[in-house]
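In: one predicted model, sequence on top.
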Amino acid sequence: MSRIGKKPVTIPEKVKVSLQGTALQVQGPKGTLNMSVHPRITVKVEGSEVKIARPTDIRTDRALHGLTRSLIQNMVVGVTQGYSKELEIVGVGMKAAVKGNLLSISLGFTHPIDYTFGKDIEIKCPKPTSILISGADKQRVGQVAAEIRSFMKPEPYKGKGIRYAGEHVRRKQGKAAS
């Protein structure tokens, strides 16, 4: 049996979990998240716990068992604490600013890059060279961070670009070293 899937998900006091058919909804202080449960997986809400079960031990059922449990756990944590990612901008003259639901990033191109984000994501710029992305949905926060990073990934010679906070960029020597 899946070691992850057999552990029940505990529901905190401020969180409400409802299941209607295969639609699972988790409500909490940070928002509401919805998920469609795979038809082969059985989900039961019992008191302050959510229990996940699978019909057989075939490979796909085992994989879906642990995955479903992890997704439900991430939803519960998301509506209570939320998730956040921090990006750093490295380079002379590169900066970012937030205006409403528009992130404007100057990366040394001829024009600034404008990135619009939805109401489910909150983006702040505590410093012009750092971007803080937060929200209740773990997958959405990671996707927005990856999209912003893709505007200018860190290059290996000088390390300029947008990187995750604490990310190590492998540097190359360049042709002057040879």
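Out: Right, received. Where do you want to start?

In: part of a helix, is L71?
Out: Yes: counting by DSSP: H, G, I helix; E, B strand; the rest coil, one finds L71 located in a helix.

In: not including adjacent chain positions, what is the nearest residue to it?
Out: Closest residue to L71 apart from its sequence neighbours, by C-beta to C-beta, 6 or more residues apart in numbering: M35 at 6.1 Å. C-beta: built from backbone N, CA, C; applies to glycine.

In: the helix or strand in which the one you found is found pairs with which strands?
Out: Using DSSP states H and E, M35 sits within strand 31-36. Neighbouring strands of strand 31-36 in its sheet, by DSSP bridges, are strand 23-28 (antiparallel).

In: surely T116 and L102 touch.
Out: Yes: in this structure, T116 is within contact of L102 by C-beta atoms under 8 Å, at 5.5 Å.

In: how about the contacts made by the residue nearest to L71?
Out: The contact partners of M35, by C-beta atoms under 8 Å, 6 or more residues apart in numbering, come to 23-26, 71-72, 75.

In: ok so, going back, next helix or strand past the strand holding M35?
Out: Per DSSP H and E, the first helix or strand lying C-terminal to strand 31-36 is strand 42-46.

In: off-centre distance for that next one?
Out: Counting by C-alpha atoms, centre = their mean, to the nearest Å, strand 42-46 is centred 25 Å from the centre of its parent chain.

In: tell me what angle it forms with strand 23-28.
Out: Relative orientation of strand 42-46 versus strand 23-28 (axes from the mean of the first three to the mean of the last three C-alpha atoms, to 10 degrees): 40 degrees.

In: strands paired with the helix or strand following strand 42-46, and their directions?
Out: Next along the chain after strand 42-46, taking DSSP H and E as the criterion, comes strand 49-53. Looking at strand 49-53 with DSSP bridges, its partner strands are strand 9-10 (antiparallel), strand 42-46 (antiparallel).

In: many thanks, we can stop here.
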